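Peer 1: I'll drop the sequence and a predicted model, then ask my questions.
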Amino acid sequence: MKLSWKTLGLAAICVSAVIVMTAAVVVSQGQGDFRRGPGPRGGGLPFLRDLNLTDDQKAEIKKIMESEAASTKDLHDKLRTLHESEPAPFSTTFDEASVRAAAEARAKIEVELQVAHARTMSQIANILTADQRAQLEARKPQFREGPPPPPEP
């Protein structure tokens, strides 16, 4: 199958739309507290559970997370504004230039958010002991697979 630029562009727009919708859901749930798990008051860093973090480590990680939340707030706000200003998906009119511009704007914001996230993860890694980093490395396959399925009733 031969891919054309038009096909690749459409795929990029679809991927961007999924990313934006996911980001909107995450933003709408709030920043959270990494110790409590998913939801409006948690979900920041559940992978740090069971690492036996010291109180000092928890305090430093909390500062890092609060700093990231503050530094990326404007980006999340811009992303939310772009999402809210999108035309209806099943509109009978289609303006490719505006759709393309909006997708490119979202993509630029997503890049900045990913860089900020990577920076935050690096700062957290510097706080962890070698043993804690090894434990996280051993769990890496689980991160790729996602959470285990819920138990059957």
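Peer 2: Done, it's in. Numbers count the residues shown, from 1 in each chain.
Peer 1: buried ones in the helix ranked longest in the chain?
Peer 2: Using DSSP state H, we find that the single longest helix of the chain is helix 96-127. For helix 96-127, the neighbour count (16 or more other C-beta atoms under 10 Å) marks 102-103, 106-107, 109-110, 112-113, 116, 120, 123-124, 127 as buried. C-beta: built from backbone N, CA, C; applies to glycine.
Peer 1: which one is residue 93 nearest to, not counting chain neighbours?
Peer 2: Spatial nearest neighbour of residue 93, excluding adjacent residues (C-beta to C-beta, 6 or more residues apart in numbering): residue 87 at 7.9 Å.
Peer 1: let's verify the one you found: helix, strand, or coil?
Peer 2: coil (DSSP: H, G, I helix; E, B strand; the rest coil).
Peer 1: burial check on it, number of neighbours?
Peer 2: By other C-beta atoms under 10 Å, the residues close to residue 87 number 12.
Peer 1: what about residue 47, how many residues close to it?
Peer 2: By other C-beta under 10 Å, neighbour count at residue 47 equals 14.
Peer 1: for the closest residue to residue 123 other than its chain neighbours, give me its contacts.
Peer 2: Excluding its sequence neighbours, the residue lying closest to residue 123 (C-beta to C-beta, 6+ apart) is residue 64, at 5.0 Å. Neighbour list for residue 64: 120, 123-124, 127 [criterion: C-beta atoms under 8 Å, 6 or more residues apart in numbering].
Peer 1: quick check: residue 64 vs residue 139, distance?
Peer 2: As for residue 64, its distance to residue 139 is 20 Å (criterion: C-beta to C-beta, to the nearest Å).
Peer 1: so where is this protein shaky, pLDDT-wise?
Peer 2: For the chain, residues meeting the criterion pLDDT under 70 lie at 1-44, 143-149, 153.
Peer 1: show me the helices in it, by range?
Peer 2: 5-28, 55-84, 96-127, 130-145.
Peer 1: and of these, who's closest to residue 49?
Peer 2: helix 130-145 (10.3 Å; C-beta to C-beta).
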